[in-house]
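K.L.:
Just a sequence and a predicted model for now, questions to come.
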Amino acid sequence: MNFRQKIKFFSLSFIILLFLWTVLSGYFEPFFVFCGVFSSMFTLFIFKRLVNAESALSQILNDASRLQFCKLVSYVPWLIYQVILSSIYVTKKVLQTKLKLEPIIILKKCKKHNDKSIALFANSVTITPGTLTIDVARKRQMYLSTMCLIDKSLESGVSEIENKVLKILRLLK
């Protein structure tokens, strides 16, 4: 993207942001318009790396990347479902009269991962109630992931998340 295109892109983005600010706020006094101008400029300044989205757009439009993006989008509802199931499980455990929690810390060898898949896996485990990724370390050709689980029965769920991530990112055939 040359300099002229960047200026056009930033100008158009600024006008759109300012228009949205004005319409959504409903205030047209000079103070609020100035706040809109400042907010739009600040937003463009903060997200200047995201606004220059030519390379990201070309990656999404690439056939292989588009397929991977679609699979990733299909992963989100599945992960939300897993979070709900885990929330119900943790709630039942906590509400039991005799609390029988046996937290464990496991060290999981993650052999087929790359940087993207291990990040997705570790974050997916962390947002699932009852599980927490403590550390991820790269050792030679594999990652070692240290996780804390409130119960040993959640270990199979962690493996299920790992397999799903590897399938989505085409690392597991």
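P.N.:
Done, it's in.
K.L.:
how about the strands of the protein, start to end?
P.N.:
With DSSP state E as the criterion, the chain has strands at 104-110, 131-139, 142-149.
K.L.:
Show residues contacting the first one.
P.N.:
Same thing as strand 104-110. 118, 121, 134, 142-149, 151-152, 155, 158, 162 (Cβ atoms under 8 Å, 6 or more residues apart in numbering). Every C-beta, even on glycine, is put in place using the N, C-alpha and C of the backbone.
K.L.:
Kindly recompute the last result at 7 Å.
P.N.:
Residues from elsewhere that reach strand 104-110 (Cβ atoms under 7 Å, 6 or more residues apart in numbering): 118, 121, 142-149, 152, 155, 162.
K.L.:
Over to the longest one?
P.N.:
Taking contacts as Cβ under 7 Å, 6+ apart, the residues outside strand 131-139 that touch it are 118, 122, 125-126, 143-149, 154, 158.
K.L.:
Show me which of those are buried.
P.N.:
In the contacts of strand 131-139, burial by neighbour count holds for Ile118, Ala122, Val125, Tyr143, Ser145, Met147, Leu149, Leu154, Val158, counting by 16 or more other Cβ atoms under 10 Å.
K.L.:
quick one: the last one from Gly26, how far?
P.N.:
So that's Val158. According to Cβ to Cβ, to the nearest Å, Val158 stands 48 Å off from Gly26.
K.L.:
Repeat that for the second one.
P.N.:
Relative to Gly26, Ala122 is positioned 43 Å away (Cβ to Cβ).
K.L.:
repeat for Phe34
P.N.:
Distance, Phe34 to Gly26, by Cβ to Cβ: 16 Å.
K.L.:
Give me the more crowded residue out of the two.
P.N.:
Neighbour count, other Cβ atoms under 10 Å: between Phe34 and Gly26, Phe34 has more, with 10 against 7.
K.L.:
how's this protein carved up into domains?
P.N.:
For the chain, automatic domain parsing gives the domain ranges 3-52, 63-168.
K.L.:
Point out the most buried one among these.
P.N.:
domain 63-168 (a mean of 14; mean count of other Cβ atoms under 10 Å).
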